[in-house]
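In: my questions concern the predicted model and sequence given below.
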Amino acid sequence: MVSFNNTEIAFRSKSNVKLKKAYYLFKLMGKPALASAGGKLAELAFALRLPIGGIIRHTVFQQFCGGESMEQCALKIEELATSNVKTILDYSVEGKDSEKDFNRTMKQTLASLDFAHKNENIPFAVFKITGVARFDLLEKVNYGKKLTEIEQQEYDRALHRISKICKKAEKFKIPVMIDAEESWIQDAIDGIVEDMMRAYNKESAIVYNTLQMYRHDRLDYFKRIHQDSKHTGYYLGMKLVRGAYMEKENERALTNGYDTPIQANKIACDKDYNLALEYACANIHGIAICAGTHNEESSLQLIKLMELHEIEKNDTKVYFAQLLGMSDHISFNLAEDGFNTVKYVPYGPVKDVLPYLIRRAEENTSIAGQTGRELNLIQAEIKRRKMSK
């Protein structure tokens with residue numbers, strides 16, 4: 001069985017200097033007030049055109065991002081590949097809402113497919129629907145509101161962008177993952193992704209949807225859409241995550257007076273996540289999954305399920321995934337043991353990926369034990385290196 005306590009393997013690619021730098025960074029992020037204030041101050045500094053890009057570039061950006069362009073990510077891709085860890089390039093620019101921005105995101109995603117086609121260390125592409133379509137428009141579609149003629153044209157252009165990406169993914173046989181987003185646009189996203197899977201997943205899982213298992217309805221949705229895939233005749237691709245919008249979801253539900261879609265507690269969320277893994281492995285001949293998790297128990301559970309259902313470690317229908325800069329003890333130990341493992345490697349201009357970086361800082365302070373776990377592992381490796389001299 002894989003051990004996630006082997007820090008020598010986990011941090012093999014990090015020099016002593018980089019290891020200590022990561023230690024101090026997680027130490028700072030372990031202070032919730034500082035992490036929250038730091039993000040707001042950074043946004044303000046950029047708005048005031050203060051020269052803080054260099055500071056961010058050499059701290060949080062360096063820890064959690066691969067570079068400002070795909071080309072700049074090349075070194076990180078090769079570094080990960082030496083440890084048998086693959087890369088998912090993620091153009092992490094957010095908060096845009098113009099046709100020009102949507103076309104730019106589409107072109108970046110198409111370019112990432114071209115890049116992946118030439119590099120065996122990039123097995124997936126990824127994008128957000130809100131990267132190519134306006135949020136308010138998706139919300140209107142989500143609630144079944146009639147679109148104006150102009151809005152329908154805008155929506156058709158968004159669908160064209162999405163289909164263009166998926167068509168190229170099918171041509172290159174490189175799966176593309178479509179991220180989950182807020183619940184009040186997720187039904188619209190689900191509908192779009194289902195149409196893309198029916199069109200492009202005839203021979204294998206090319207288009208993947210994403211399930212946020214902190215929602216109490218996602219396990220049922222998973223089973224329902226699997227039945228549809230069997231009846232309609234397409235392969236189901238799913239990325240399984242716990243989720244990234246929990247606080248926003250609860251606040252909106254409270255403000256608008258409806259029942260929150262969020263699980264009652266973490267135990268319920270963990271249970272559904274593991275049940276989703278179980279369901280996928282039991283139906284692996286028609287399902288491909290990417291388990292996006294920083295949870296050791298779920299990772300070990302998936303390993304056991306693969307053994308139970310006689311799924312080979314290198315079966316491309318099962319991938320483990322973690323974010324760059326986090327949970328290296330999971331990623332590198334899994335890869336060392338021969339499991340398909342990928343790191344999400346975000347990229348983009350420092351200013352534009354700031355929302356992503358702020359979420360990483362907040363995530364490390366809000367997930368119980370996340371920062372402490374990272375710090376303890378780094379400390380253990382620093383101590384091991386000193387003692388081995």
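Out: Perfect, I can see it now.

In: show me the helices in the stretch 251-389 of the chain, by range?
Out: 266-282, 296-308, 328-336, 354-366, 370-387 (DSSP state H, counting those that start in this stretch).

In: can you add mean neighbour count and mean pLDDT and give the ones you listed back as TSV?
Out: In this view, the C-beta of every residue, glycine as well, is placed from N, C-alpha and C. Formatted as TSV, the helices of the stretch 251-389 of the chain follow (neighbours: other Cβ atoms under 10 Å; pLDDT from 0 to 100):
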stretch	mean neighbour count	mean pLDDT
helix 266-282	18	97
helix 296-308	17	97
helix 328-336	24	97
helix 354-366	19	66
helix 370-387	17	88
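
In: quickly list the domain ranges of the protein.
Out: Using automatic domain parsing, the domain ranges for the chain come out as 1-65+353-389, 68-347.

In: mean neighbour count, those domains: which tops it?
Out: Mean neighbour count (mean count of other Cβ atoms under 10 Å) peaks for domain 68-347 among the domains of the chain, with a mean of 18.

In: picking that back up, looking at the helices of the stretch 251-389 of the chain, which is nearest to G257?
Out: Evaluated over the helices of the stretch 251-389 of the chain, closeness to G257 peaks at helix 266-282, with 22.6 Å, by Cβ to Cβ.

In: packing partners of that closest one?
Out: helix 218-232, strand 236-241, strand 287-292, helix 296-308 (3 or more Cβ pairs under 8 Å, 6 or more residues apart in numbering; DSSP states H and E).

In: for it, C-alpha coordinates in PDB please.
Out: Extracted as PDB, the C-alpha positions of helix 266-282 are listed here (Å, rounded to 0.1, in the frame of the first residue of the first chain):
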ATOM      1  CA  LYS A 266     -18.000  17.200   6.300                       C
ATOM      2  CA  ILE A 267     -18.700  13.600   7.300                       C
ATOM      3  CA  ALA A 268     -21.600  13.600   4.800                       C
ATOM      4  CA  CYS A 269     -19.400  15.200   2.100                       C
ATOM      5  CA  ASP A 270     -16.600  12.600   2.600                       C
ATOM      6  CA  LYS A 271     -19.200   9.800   2.600                       C
ATOM      7  CA  ASP A 272     -20.700  10.900  -0.800                       C
ATOM      8  CA  TYR A 273     -17.200  11.400  -2.300                       C
ATOM      9  CA  ASN A 274     -16.100   7.900  -1.400                       C
ATOM     10  CA  LEU A 275     -19.400   6.500  -2.600                       C
ATOM     11  CA  ALA A 276     -18.900   8.200  -5.900                       C
ATOM     12  CA  LEU A 277     -15.500   6.600  -6.200                       C
ATOM     13  CA  GLU A 278     -17.100   3.200  -5.400                       C
ATOM     14  CA  TYR A 279     -19.800   3.700  -8.000                       C
ATOM     15  CA  ALA A 280     -17.300   4.700 -10.600                       C
ATOM     16  CA  CYS A 281     -15.000   1.700 -10.000                       C
ATOM     17  CA  ALA A 282     -17.900  -0.700 -10.000                       C
END
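
In: now it against helix 296-308, angle please.
Out: 20 degrees (axes from the mean of the first three to the mean of the last three Cα atoms, to 10 degrees).

In: which residues touch helix 266-282?
Out: Contact with helix 266-282 is made by 211, 213-214, 216, 218-219, 222-223, 226, 238, 240, 242, 263, 287, 289, 291, 293, 295, 297-298, 301-302, 305-306, 308-309, 311, 318, 368, as judged by Cβ atoms under 8 Å, 6 or more residues apart in numbering.

In: does the closest residue to F124 other than its chain neighbours count as helix, strand or coil?
Out: Leaving aside its sequence neighbours, F124 sits nearest to I88 (Cβ to Cβ, 6 or more residues apart in numbering; 4.7 Å). Of the three states, I88 takes strand according to DSSP: H, G, I helix; E, B strand; the rest coil.

In: and I88, what does it touch?
Out: Per Cβ under 8 Å, 6+ apart, neighbours of I88: I122, P123, F124, A125, V126, M177, A321, V342, K343, Y344, V345.

In: after the biggest helix by length in the chain comes which helix or strand?
Out: The single longest helix within the chain, with elements called by DSSP state H, is helix 149-172. Toward the C-terminus, helix 149-172 is succeeded by strand 176-178 as the next helix or strand (DSSP states H and E).
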